[in-house]
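Peer 1: sequence and predicted structure are below.
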Amino acid sequence: MNQEKKRQKIKAFLKALICFLLFWFSGYLQVIPVWLFHITKITETTQIFLSLFSNFIIAIVLILLYLKDLKKEWKIFKANHSDCIDVGLKYWMIGLFIMMGTNIIINLFSKSHLSGNEKVVQEMITVLPWAMLINAGILAPIAEEITFRKAFRNFLSNKWVFALTSGLIFGGLHIVGNISSFVDFFYIIPYGALGTCFALAYDETDNVFTSMFFHFFHNTVLTILSIL
């Protein structure tokens, strides 16, 4: 690898690290409206609006961070949307099958039948369904696909290293902070499987909008089903 390629890899890695840290600490953005509006009592409804605010801000920041690449990939996606959707559908169905299968197995050993993350999401949907449709169905896929697919792919050139790293970290962040029992650790498998399949879809089409489209679809359908 020549010096120019090394510099590009280092630059891509540092940019991905910044992207990841912004995503990881995005919750602290909720302090802004709390401070501006002198919020003293955080109810469930207030917490959802704060989450909506922080997710909106981080999605915009991440879009701006990769705006040049996203514009280029969006043009390609529009021109080749049929092929991208075919590839994305294949990997989404594989991921969904693994996710459902592993969830069934995990639930045999769990009393709750829901991961900690899923419990939180379901509670928020019950309180404010329309806000969660925006949060989970639109904002989360944008932020997560840019962070775990776009940013990672720019410095991880090996297909399987990229897919497994992306899937593992994606899965891990969906369980961390919501672990109430040892069984909850195993939920990294279904979440990670879906993340890995999204990464493979991105790798095959070389377009983040492939994985983003099916992430939108997946989250939106599940949220609507929960609302109904």
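Peer 2: Thanks, I have the structure now. Residues are numbered from 1 along each chain as shown.

Peer 1: residue 115 and residue 150, how far apart?
Peer 2: 25 Å (Cβ to Cβ, to the nearest Å). To be clear about C-beta, it is placed using only N, CA and C from the backbone, and glycine gets the same treatment.

Peer 1: repeat that for residue 228.
Peer 2: Distance from residue 228 to residue 150, by Cβ to Cβ: 32 Å.

Peer 1: looking at those two, which one has more neighbours?
Peer 2: Applying other Cβ atoms under 10 Å to residue 228 and residue 150 shows that residue 150 carries more neighbours, namely 24 against 6.

Peer 1: where in this structure is the helix or strand with the lowest mean pLDDT?
Peer 2: helix 116-127 (a mean of 83; mean pLDDT, DSSP states H and E).

Peer 1: following that one, which helix or strand comes up?
Peer 2: Sequence-wise, the next helix or strand downstream of helix 116-127 (DSSP states H and E) is helix 129-134.

Peer 1: tell me which residues of that next one are tucked away?
Peer 2: Residues 131-134 are the ones in helix 129-134 that count as buried (16 or more other Cβ atoms under 10 Å).

Peer 1: between those, which is closest to residue 52?
Peer 2: Residue 52 lies nearest to residue 131 out of the buried residues of helix 129-134, by Cβ to Cβ, at 5.5 Å.

Peer 1: surely the closest one meets residue 47?
Peer 2: No: here residue 131 does not reach residue 47: they are 10.5 Å apart, not a contact under Cβ atoms under 8 Å.

Peer 1: got any residues that touch both of the two?
Peer 2: Contact criterion Cβ atoms under 8 Å, 6 or more residues apart in numbering; residues shared by residue 131 and residue 47: residue 124.

Peer 1: how much space is there between residue 104 and residue 190?
Peer 2: Taken as Cβ to Cβ, the span from residue 104 to residue 190 is 10 Å.

Peer 1: who's more crowded, those two?
Peer 2: Higher neighbour count among residue 104 and residue 190: residue 190, with 24 against 11, using other Cβ under 10 Å.

Peer 1: and stretch 70-88, average pLDDT?
Peer 2: Per-residue pLDDT over stretch 70-88 has a mean of 96.

Peer 1: next, the buried residues of the longest helix that the chain contains.
Peer 2: Longest helix in the chain by number of residues (criterion: DSSP state H): helix 81-107. Across helix 81-107, burial judged by 16+ other Cβ under 10 Å covers 84-85, 87-88, 91-92, 94-96, 98-99, 102-103, 106.

Peer 1: likewise stretch 45-60?
Peer 2: So, applying 16+ other Cβ under 10 Å, buried residues of stretch 45-60: 48-52, 54-59.

Peer 1: which of these sits closest to residue 124?
Peer 2: Using Cβ to Cβ, residue 48 comes nearest to residue 124 of the buried residues of stretch 45-60, at 5.4 Å.

Peer 1: need the contact list for that closest one.
Peer 2: By Cβ under 8 Å, 6+ apart, the contact list for residue 48 reads 124, 127-128, 131-132, 135.

Peer 1: I'd like the distance between the residue nearest in space to the middle of the chain and residue 28.
Peer 2: With distances taken as Cα atoms, centre = their mean, residue 144 lies nearest the centre of the chain, 3.0 Å away. Noted for residue 144: a distance of 18 Å to residue 28, by Cβ to Cβ.

Peer 1: likewise for residue 223?
Peer 2: Distance, residue 223 to residue 28, using Cβ to Cβ: 25 Å.

Peer 1: next: residue 224.
Peer 2: Taken as Cβ to Cβ, the span from residue 224 to residue 28 is 30 Å.
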